[in-house]
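Enquirer: What shape does this take:
(one chain, ligands or ions: 1)
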Amino acid sequence: MLAIVSCSKPIDNGNALWLPEGTPEVNAEVVLDEGLDLKNDGFIIRDTPDGRKIMARTVTGAMYGTYALQRMERTGKAEGPLDLREEPSFERRILNHWDNLDNTVERGYAGWSIWHWGEPVPVDLIKEYARLNASVGINGSVLNNVNATPEILSTEKLERVAEIADIMRPYGIRVYLSVNFSSPAALGGLATSDPLVPEVAEWWKDKAAEIYGLIPDFGGFLVKANSEGLPGPQDFGRTHADGANMLADALRPYDGIVMWRAFVYSPKSSDRACQAYDEFAPLDGQFRDNVIIQIKNGPVDFQPREPFSPLFGHMPNTQMMAELQITQEYLGFSNHLVYLLPLFKECLDSDTYCKGPGSTIAAITTGKTYPDAYRTTAIAGVANIGRDENWCGHHFAQSSWYGFGRMAWDCSLSSEEIAREWIMQTFTSDPGFVGPVLEMMMSSREAAVDYMMPLGLHHIFAWGHHYGPEPWCEIPGARADWLPKYYHKADAAGVGFDRTRSGSGNVDQYHEPLASIYNDISTCPEELLLWFHHTPWDHTMSSGRTLWDELCHRYDRGIRTVQSYICTWEEMRPFVDRKRWEEVKAKLEIQESDSRWWRDACVQYFQEFSGMEIPSDVSQPERPLEELKKIKLDMTHHN
Ligand code: BDP
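Expert: Below you'll find the predicted structure:
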């Protein structure tokens, strides 16, 4: 047994075991005991006759215990007697950075890449990043964009990756890389990247040897293949399984993994929501045991609300992990206050019914539903981090990063508990602040759904930047399924995508009873109505209103909720330093004005089809549609 008698600073206990720089001072003794029965960097915090102890098997576990106790001290939960034991829900808790080698960040709204490619290594910044992640239990970072360039695997870049890995290692964080499937040809000069050609497999094996020579604890590869124009095994007539397995074999000697993304939509079905399932479900059971299929929460693309991806319920012999988007690509960038944990939890808590009730996405991806299929468990969040002074562009956007980590560590925590912790540690634990701000955060995702895309509407964004509304958008020659009209299908009869059995049949990708519930307009949850049904404008909703009136009410409700945030924030002035208060205030004003923009655009556009009056008890559109159609924001390079 190794006892560390204090944990205030980096400690060399004589056994070359250190708690990393910056680990907080807490009122407890840290005890490392390799014989403890604890999984995966878990820890115990216990009050004993000799005082309070943090016990762990690993240094990383001890570090997590220290942060946990600090959190408890700061949130008023450290009163004794304590006896708690924590082990993570997911073994791999990973951030996906969509950072490019030119330091831009795809869908990043918080400045340039923190990795400073091509510039001196920002050691202190990376340490700080690692410490923030460690404090919530995140233990992996994919450093580069899923739209990966072959160059990331060049020796020069790998050496740089190794330097970053060295800085993060003490904090328990492993690095991973996104790789481009055509690297053997594009970087290695081979004639092909066909996964079944022996020279190609050899090339990847040599590359893996080079990587592990530099980074012994390298985590593995993330792969976007045959998706949105990226190369993949299908270019050579091979399957996703052929491609993933070839890479998995290269990483196997080092215990590395392949996270193979299921974000594909080759238009074999006329409904994009069906396509990932169509391609992947038939491959169940064909993947090596060091491959995990990484699946976005919804079947389309990180919309404000989607049903869960039906793939989760249909690969019982395959390891799966959820990919959530922390960066707010479709939720107002870093301008809108939208706390995302309710969205994340909605996904994890969704019951797929694949093995009867209780087969939630959390149960599946933590390996409980199909234990035989899982060698490792994981979860990924697309990072919202950049070089901005506050890391995320919006002070409140930090809460979704924090929350992703907390949920990945313990997926039974509620989004409210997580928000409360974050508020108390970030601002103040004064109840006069915590209560109103908690209410604001907890209602914010639903407010965004209301003012952007209520009742199951989706993907009616402006072309390219996904910020504002453009339900009318038409781009000659563009893929139909990148355009709003494909999704909303508004006409004189109604609005919404018919995914029922008489439509695209997507409902049958769900297990019963969901398939029948979604299929029937009278049982389909209203929040998903226009996702699954082309619904008549005069359809009666549970409120007693027509669909048209309800739609107008939802937009109005969204605006009113954001307006109430401005009032709340005014009252919070005494609790917050001037700088942060003003910065948040300025963003709330943008959000409020954007919410009216969404209402003006959507209500007036859809009115052209419904031909119905806007109810008199809601706020009325302010700007004419023709004026809104002229708005052209250049937000493609938001950095
Ligand atoms: C979409 C983004 C695009 C990503 C793609 C992906 O618009 O920038 O490359 O997803 O996840 O959400 O691969």
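
Enquirer: use CA for all of it now, contacts and neighbours both
Expert: Noted.

Enquirer: Residue 63 is in contact with residue 19, isn't it?
Expert: Yes: using C-alpha atoms under 8 Å, residue 63 makes contact with residue 19 at a distance of 6.3 Å.

Enquirer: Point out where the protein drops to low pLDDT.
Expert: Filtered on pLDDT under 70, the chain yields the residue ranges 1-17, 634-639.

Enquirer: Pick out the residue in it sitting closest to the ligand.
Expert: For the chain, the residue closest to the ligand is residue 301, as judged by C-alpha to the nearest ligand atom, at 5.4 Å.

Enquirer: Residue 125: what's it in contact with?
Expert: Residues near residue 125 by C-alpha atoms under 8 Å, 6 or more residues apart in numbering: residue 114.

Enquirer: Name the residues of the stretch 251-400 of the chain found near the ligand, please.
Expert: residue 301 (C-alpha under 6 Å from any ligand atom).

Enquirer: okay, now the domains of this protein?
Expert: Using automatic domain parsing, the domains assigned to the chain come out as 1-87, 92-426, 429-493+539-639, 498-533.

Enquirer: For these, state which one has the densest average packing.
Expert: Mean neighbour count, computed with mean count of other C-alpha atoms under 10 Å, is highest for domain 92-426 among these, reaching a mean of 21.

Enquirer: longest single helix anywhere in this structure?
Expert: Among the elements of the chain assigned as helix by DSSP state H, the one spanning the most residues is helix 578-610.

Enquirer: ok, then the element right after it?
Expert: Scanning the chain past helix 578-610 towards its C-terminal end, the next helix or strand to appear is helix 625-629 (assignment: DSSP states H and E).

Enquirer: What helix or strand is the residue nearest to residue 83 when sequence neighbours are not counted located in?
Expert: On the basis of C-alpha to C-alpha, 6 or more residues apart in numbering, the spatially nearest residue to residue 83 that is not a chain neighbour turns out to be residue 46, at 4.3 Å. Counting by DSSP H and E, the secondary-structure element that holds residue 46 is strand 43-48.

Enquirer: before we move on, what about residue 267?
Expert: With secondary structure defined by DSSP H and E, residue 267 is part of neither a helix nor a strand.

Enquirer: Verify the contact between it and residue 275 for me.
Expert: Yes: shown here, residue 267 and residue 275 form a contact pair, counting by C-alpha under 8 Å, at 6.9 Å.

Enquirer: Give me the phi and psi angles of residue 246.
Expert: In this entry, residue 246 is assigned phi and psi values of phi -60, psi -40 (degrees, to the nearest 10).

Enquirer: got a list of what it touches?
Expert: Neighbouring residues of residue 246 by C-alpha under 8 Å, 6+ apart: 195-196, 201.

Enquirer: what does residue 619 give?
Expert: Under the criterion of C-alpha under 8 Å, 6+ apart, the neighbours of residue 619 are residue 556.

Enquirer: And the helices in the stretch 301-450 of the chain, which stretches?
Expert: Using DSSP state H, counting those that start in this stretch, the helices found in the stretch 301-450 of the chain span residues 341-348, 361-365, 398-409, 415-426, 431-452.

Enquirer: Kindly reformat these as TSV and extend each row with distance to residue 80.
Expert: Conversion of these to TSV gives the following (distance: least, C-alpha to C-alpha, whole Å):
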stretch	distance to residue 80
helix 341-348	29
helix 361-365	31
helix 398-409	23
helix 415-426	19
helix 431-452	22
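
Enquirer: thinking again about what came up before, just the contacts of residue 246: which are in helices?
Expert: Using DSSP H to define helices, the subset of those located there is residue 201.

Enquirer: Specify which member of the contacts of residue 246 is nearest to residue 498.
Expert: For the contacts of residue 246, the closest approach to residue 498 (C-alpha to C-alpha) belongs to residue 195, at 38.7 Å.

Enquirer: residue contacts, the closest one?
Expert: Taking C-alpha under 8 Å, 6+ apart as the contact definition, residue 195 lies against 201, 233, 238, 242-243, 246.

Enquirer: mind giving me a markdown table with those residues and columns for distance to the ligand?
Expert: Output for those, formatted as a markdown table (distance: C-alpha to the nearest ligand atom, whole Å):
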| residue | distance to the ligand |
| --- | --- |
| 201 | 25 |
| 233 | 17 |
| 238 | 21 |
| 242 | 20 |
| 243 | 17 |
| 246 | 21 |
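
Enquirer: which pair in these spans the largest distance?
Expert: Going by C-alpha to C-alpha, the two entries of the contacts of residue 195 that are most distant from one another are 201 and 238, at 13.8 Å.

Enquirer: Quick check: residue 168 is in a strand.
Expert: No: according to DSSP: H, G, I helix; E, B strand; the rest coil, residue 168 belongs to no strand; its state is helix.
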